[in-house]
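Asks: Predicted structure and sequence below. I'll ask about it afterward.
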Amino acid sequence: MKRIDVLDALRGFSLLGVIVIHMIQKFGIRNISSDIIYFNFPFLDTSSTWFAYNIVMGRFINIFAFLFGVSFYIQMKSAESKNISFNIFFIRRMVFLFLLGILIHSIYNVEILSVYAIFGLILLLIKKINKYILILFTILLITGGPRVYQTINHNRGISTEIVEENRNRNIYNRETPQHLENPSLINTVKHNYQSRLNGKINYQFGMFGRGYLTLGIFIIGYLVGRSRYLEKLGKNKKLTVRLLLLSVLSFIGITLLLNQFPNTNTRLLFSPGNNLIDNNLIFVKAMEDTALVLSSFILGLGFIVLYQNSRIQSILNILSPYGRTALTNYTLQGVFGLVLFAPWALGPFFSKYGNFSLIIIGLLIYFLQMVASNHFLKKYRYGPLEWIWRCVTYNKIQSIKKQ
């Protein structure tokens, strides 16, 4: 199938947001807390933090997940055109992705490749289901259907009612991990597997349910791919604008609805303890997740609208090489994060930077990766990890150099 150029640019765009939020979050790597802040710019730090958490967080990674679903359909049709057994082809891809993700988790515990591999296999199982059933299933996932079931089971075992101070307690008030007392790469790996892996599973598949939301976005991407909408962007300009306006209006409506509720700490779902989970909390979380998906649509559709302008398209295509080597670049982002924030590396220094300074460093890393990707693809067909992934997928060595 003909390569859809906007997908590469959009993928590069999504990973720009990923590195911004991960820099703010210090790639999930903790250091011993300190009151010292280097390069402290109060207004810029506050503004950049608001921007990262209200415009970037959860939204750009949703675009990345959406593109995975689109790519699933494109790969399926491509395999059919080549008379390749798609199931075997795709299972190899997901096994490699899962193993790579588990390996990366040892140094970069907020990685999502292992989770994506699981959801990729689920797509394989449901790919032939009627689209209307898939739409209903997606709505169920995004609005927290699995959460309702888990909450019912949780509340059955709880006899005490929610106390307000417990609802608003800081779930991150934990003791300093032992690996910080004796920083080393080995102790970091042990900590990531022994402590952080369970936390990741709970975050994705517990009552907070981030994974169910991601799976819903995967399915949306697959359905969009199946509709062939992205292959006919030139003929769908008006449709794209209408979808953008509909997303904006829906987002505004849900936001106004959420404002009618008192402040609710939905993070309680991550660690509910002995608290009863009430219906308001479940409803607010469902609306928050829906608003998050809609805001992701707004960013993605806004990008596509701009991309359809020939002048702007030439600018946005600068991001394409980064998107074509997304697996390599995403993995390298984690490596940079490890070096910058690990307590046994540069963490004691960079963990004290203000958030605005961290974003600038993240943008610099992204720019260097973008230049490297562009240079690499002038001589080679794929990025390094993309090439290995392709060799595993086809079960034979693939040509990487351009003729």
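Replies: In hand now; what should we look at? What you see is a predicted model, and the numbers here were worked out from it, not measured in a lab.
Asks: Check the spatially most central residue of the chain and give its pLDDT.
Replies: Nearest to the centroid of the C-alpha atoms of the chain, with distances taken as C-alpha atoms, centre = their mean, sits residue 61, at 2.9 Å. Looking at residue 61, its pLDDT reads 97.
Asks: Check residue 310 too.
Replies: For residue 310, the predicted pLDDT is 88.
Asks: where's it relative to residue 233, distance?
Replies: 12 Å (C-beta to C-beta, to the nearest Å). Yep, even glycine has a C-beta here, placed from its N, CA and C like the rest.
Asks: Compare neighbour counts for these two and give me the winner.
Replies: The neighbour comparison of residue 310 against residue 233 (other C-beta atoms under 10 Å) goes to residue 233, with 17 against 7.
Asks: so that one sits right up against residue 6, yeah?
Replies: Yes - taking contacts as C-beta atoms under 8 Å, residue 233 lies within contact range of residue 6: 6.4 Å.
Asks: I'd like the next helix or strand past the helix or strand harbouring residue 11.
Replies: Residue 11 is part of helix 5-24 when elements are defined by DSSP states H and E. Next helix or strand after helix 5-24 toward the C-terminus (DSSP H and E): helix 42-51.
Asks: residues making contact with that following helix?
Replies: 24, 354-356, 359 (C-beta atoms under 8 Å, 6 or more residues apart in numbering).
Asks: mind listing what's buried in the helix or strand following it?
Replies: Using DSSP H and E, the helix or strand that follows helix 42-51 in sequence is helix 60-81. Residues 60-76, 79 are the ones in helix 60-81 that count as buried (16 or more other C-beta atoms under 10 Å).
Asks: Quick one: list the elements packing against helix 60-81.
Replies: Applying 3 or more C-beta pairs under 8 Å, 6 or more residues apart in numbering; DSSP states H and E, one finds that helix 60-81 contacts helix 5-24, helix 86-105, helix 113-126, helix 210-227, helix 279-307.
Asks: ranges for the helices of the stretch 151-300 of the chain?
Replies: 164-167, 185-191, 197-205, 210-227, 237-258, 279-307 (DSSP state H, counting those that start in this stretch).
Asks: Below-threshold pLDDT in the stretch 51-200 of the chain: ranges please.
Replies: 159-177 (pLDDT under 70).
Asks: Tell me how many other residues surround residue 274.
Replies: Around residue 274 there are 12 residues (other C-beta under 10 Å).
Asks: so which of the helices and strands packed on helix 60-81 gets nearest residue 384?
Replies: helix 86-105 (12.2 Å; C-beta to C-beta).
Asks: So for the closest one, what gets flagged as buried?
Replies: Here helix 86-105 shows 86, 89-90, 93-94, 96-98, 100-101, 104-105 as buried, counting by 16+ other C-beta under 10 Å.
Asks: so what secondary structure elements neighbour that helix?
Replies: Packed next to helix 86-105, using 3+ C-beta pairs under 8 Å, 6+ apart, are helix 60-81, helix 113-126, helix 326-341, helix 384-394.
Asks: Which strands or helices does the shortest one pack on?
Replies: Spelled out, it's helix 384-394. helix 86-105, helix 326-341.
Asks: out of those helices, nearest to residue 197?
Replies: Of all those, it is helix 86-105 that lies closest to residue 197, at 6.7 Å by C-beta to C-beta.
Asks: List the contacts of the closest one.
Replies: With C-beta under 8 Å, 6+ apart as the criterion, helix 86-105 contacts 72, 75-76, 79-80, 111-118, 120-121, 124, 192-193, 196-197, 200, 331, 334, 385, 388-389, 392-395.
Asks: List buried members of the residues you listed by neighbour count.
Replies: Buried, going by 16+ other C-beta under 10 Å: 72, 75-76, 79, 111-118, 120-121, 124, 192, 196-197, 200, 331, 334, 385, 388-389, 392-393, out of the contacts of helix 86-105.
Asks: residues near residue 18, how many?
Replies: Residue 18: 24 neighbours (other C-beta under 10 Å).
Asks: same deal with residue 322?
Replies: By other C-beta under 10 Å, neighbour count at residue 322 equals 29.
Asks: Which pLDDT value belongs to it?
Replies: 97.
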